[in-house]
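[1] no sequence on this one, just coordinates:
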């Protein structure tokens, strides 16, 4: 039982980390659209294609994409950490059920 409680505590600690990581990733994804619009507004070109090219090639936009990449990576690490805890709990539950089955048969 102590093992179960420890696993649940570790899982509970992982949940807010995952939630924060996901919120950060979603925020950056949404901000990316605003950043593109701001950069397009800075451009003196006449066509939308030229403005878009300016925005996508701008160092600030590429830096934002680097941040998005890092945010997705961290979110995935948190998500899989949480999944691992779930799998460990399922494994523990299976072992407990097997032990009960064996005790009932003896």
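    Cool, got the structure. Every value quoted in this text rests on a predicted model; they were computed, and no experiment measured them. Numbers count the residues shown, from 1 in each chain.

[2] which positions within stretch 47-61 qualify as buried?
    Across stretch 47-61, burial judged by 16 or more other CB atoms under 10 Å covers 51, 54-55, 58, 61. Backbone N, C-alpha and C define where each C-beta goes, glycine included.

[3] could I get those residues as CSV with distance to residue 77 and secondary structure?
    CSV is the format used below for these (distance: CB to CB, whole Å; DSSP: H, G, I helix; E, B strand; the rest coil):
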residue, distance to residue 77, secondary structure
51, 36, helix
54, 34, helix
55, 30, helix
58, 29, coil
61, 25, helix
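
[4] wouldn't residue 35 be in contact with residue 63 here?
    No. Between residue 35 and residue 63 there is no contact under CB atoms under 8 Å: 9.5 Å.

[5] which one of the two has more residues nearby?
    residue 35 (18 against 11; other CB atoms under 10 Å).

[6] and the closest residue to the more buried one other than its chain neighbours, how far from residue 101?
    Spatial nearest neighbour of residue 35, excluding adjacent residues (CB to CB, 6 or more residues apart in numbering): residue 64 at 5.4 Å. Distance, residue 64 to residue 101, by CB to CB, to the nearest Å: 55 Å.

[7] ok, how many other residues are close to residue 15?
    12.

[8] what about the residue nearest to residue 31 when sequence neighbours are not counted, which SS state?
    Of all residues not flanking residue 31 in the chain, residue 64 sits nearest, at 7.1 Å (CB to CB, 6+ apart). What DSSP: H, G, I helix; E, B strand; the rest coil gives for residue 64 is helix.

[9] contacts only, for the most centrally placed residue in the chain.
    For the chain, the residue nearest the mean C-alpha position is residue 75 (2.0 Å; CA atoms, centre = their mean). By CB atoms under 8 Å, 6 or more residues apart in numbering, the contact set of residue 75 is 18, 21-22, 24-25.
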